[in-house]
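Asker: Model the following, please.
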Amino acid sequence: MRHPRAGGGPINYVIPPKSQRRSLAAIGERMRHPRAGGGPINYVIPPKSQRCSLAAIGERMRLVAKSSRAGGGPSFLRYCPRGASARKFSEEYVMSAVLNQPPSAPVAAPLHQPSPGLWTLAWRRLKRDKIGMTALVVVLFFLLLMAGSYMGLVAKNWSKEVGVSYANPSFMAGAENLEAAQAAQKDTSAKVPFVDLSDIDPLAPKYEEWAKRTAEIKITDTPRADTLLFGGDKWGRDVIQKAIKGAETSIFVGLIAALLATIIGTVLGAISGYLGGRTGDFLEWFYNVFTSIPYILLILAFAAVFKRGLDTIIFILAFTGWTGIYRLVRAEYIKHASREYVKAAQAIGASHTRRMFVHILPNVSHVCLVQLSQHVVQFIKAEVILSFLGLGVPVDSVSWGTMLAEAQSELVIGKWWQLVAASVSMALLVTAFSMLTDSLRDALDPKIK
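Answerer: This next block holds a predicted model:
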């Protein structure tokens, strides 16, 4: 009992009952062992029926506890239940105290864990959707293909005539190509044999000299392949490379036009839904004017007036495709404008612009994202239609629409591979984007947990 404490686990001082009690010297000898920890000291007191006069023992234990502790935990006075053995109770208590002893350097657990936000929950729901993830992989593949084509990593030689006219696909290498044979026959028949015109033409003596000079000029004729991977078009260009380059044009037009239309619709919808009044009435009138004209006729009218080009198509699609986004965003802003968090922002002095685009816009951004994905699909199809009708990309460019326009004449003579290449590429991308849009709508739905 004389050794100082330096911290550690619990010390259990057991005071036995009268029948098991020894002398004070023996008890003191059992309580003299030094401690190296800082845990609590537990005094186990036998029940009253087994207790004798313990005044001296209690006083000595109080002095020991006061003098021997040097930074340990608090002391506890524990009473042995009636009818139980003090020795058995002390052993059980020591074991429980050792097992339940806290670590020397406990790490404080966080008071609360932050709840996941809307985008985190949406991503978790999307990952559980196998169809949505498959569609996302297909869309990312086409986007990477578009980026590679733009940087010249793939399909950079799409305009070169590397094969014969209407070159067969590789899996049709043995099929006869009548068009290529007729073109070769025309080239050989175009060479006219030499005729002596010296009697009637004064320049006839010069012809022989010019023929010799012409023969000295070397004309290199690049050999063309009879078959290509998936066939060639009328000029011998690879159909696969044309489809990749067409994907770049169609996806680029669809993405940029959809982004601009989303920005226009979101800004006008926010102003109309939040401000209301005369401003909202004017924007509603402007919206009704656009929606009263059929969409495809409006596009064709603008395309017929302006010149052909990618910038013209993007402007036409963005300027005519914002109406659906405007209607949905306006309804969301009317719903959110009267909520508590907007009133709190007004109370702290936030301006109208800050309330519209800093406080409300993040809460309606999921609607804008779904509409963006949906309009990409819509604008890709619109660009293909315009290019098919001759109102889209210029002649020196290629898109899926121009490929389909060329394929309609090739299909008559049995050359179907350009039609299949353009149709399958467009069908894959449009279907994947549509399925991804449905998955995003389900993932961003706040009603789904």
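
Asker: Test my guess that Ser387 contacts Ala405.
Answerer: Yes. Using Cβ atoms under 8 Å, Ser387 makes contact with Ala405 at a distance of 7.2 Å. C-betas here are computed from N, CA, C, even on glycine.

Asker: neighbour count winner among the two?
Answerer: Shown here are Ser387 and Ala405; by other Cβ atoms under 10 Å, Ser387 has more neighbours (27 against 17).

Asker: Quick check: the more buried one vs Val154, distance?
Answerer: From Ser387 over to Val154 the distance is 21 Å, taken as Cβ to Cβ, to the nearest Å.

Asker: For Gly37, give me the pLDDT.
Answerer: If you check Gly37, the pLDDT there is 44.

Asker: and the nearest residue to Phe252 once chain neighbours are set aside, which of the three is it?
Answerer: Among residues not flanking Phe252 along the chain, Met146 sits closest, at 6.6 Å (Cβ to Cβ, 6 or more residues apart in numbering). At Met146 the chain is in helix, as set by DSSP: H, G, I helix; E, B strand; the rest coil.

Asker: residue contacts, Met146?
Answerer: 247-248, 251-252 (Cβ atoms under 8 Å, 6 or more residues apart in numbering).

Asker: same deal with Phe388?
Answerer: 401-402, 404-405.

Asker: Greatest separation within the residues you listed: which pair is it?
Answerer: In the contacts of Phe388, two members sit farther apart than any others by Cβ to Cβ. They are Thr402 and Leu404, at 7.4 Å.

Asker: Between the two, which has more neighbouring residues?
Answerer: Remark: of Thr402 and Leu404, Thr402 carries more neighbours, 22 against 19, as counted by other Cβ under 10 Å.

Asker: which residues does that one contact?
Answerer: Here Thr402 is in contact with 246, 387-388, 392-393 (criterion: Cβ under 8 Å, 6+ apart).

Asker: swap in Thr279?
Answerer: Contacts of Thr279 (Cβ under 8 Å, 6+ apart): 271-272.

Asker: And for Val376?
Answerer: 254-255, 258, 433.

Asker: how close does it get to Leu440?
Answerer: From Val376 across to Leu440, the span is 12 Å (Cβ to Cβ).

Asker: I figured Ser373 was touching Phe433, is that so?
Answerer: Yes. Using Cβ under 8 Å, Ser373 is in contact with Phe433, at 6.5 Å.

Asker: more neighbours, these two?
Answerer: Phe433 (23 against 20).

Asker: Locate the more buried one within the secondary structure: which element?
Answerer: helix 417-443 (DSSP states H and E).

Asker: If you count neighbours, what's buried in that helix?
Answerer: Using 16 or more other Cβ atoms under 10 Å as the burial criterion, the residues of helix 417-443 that qualify are 417-419, 421-423, 425-426, 429-430, 432-441, 443.

Asker: Same question for stretch 263-281.
Answerer: For stretch 263-281, the neighbour count (16+ other Cβ under 10 Å) marks 264-274, 276, 280 as buried.

Asker: For Phe306, list the residues it contacts.
Answerer: Phe306 makes contact with 312, 315-316 under the criterion Cβ under 8 Å, 6+ apart.

Asker: do that again at 6 Å, thanks
Answerer: By Cβ atoms under 6 Å, 6 or more residues apart in numbering, the residues touching Phe306 are Thr312.

Asker: and stretch 281-296, what's its mean pLDDT?
Answerer: 89.

Asker: ok, and what's touching that stretch?
Answerer: Under Cβ under 6 Å, 6+ apart, the answer for stretch 281-296 is 268, 272, 323, 326.

Asker: Let's see which of those residues end up in strands.
Answerer: Of the contacts of stretch 281-296, none are assigned to strands by DSSP state E.

Asker: Show me which pair in those is furthest apart.
Answerer: By the measure Cβ to Cβ, the contacts of stretch 281-296 have their two most distant members at Ser272 and Thr323, which lie 12.1 Å apart.
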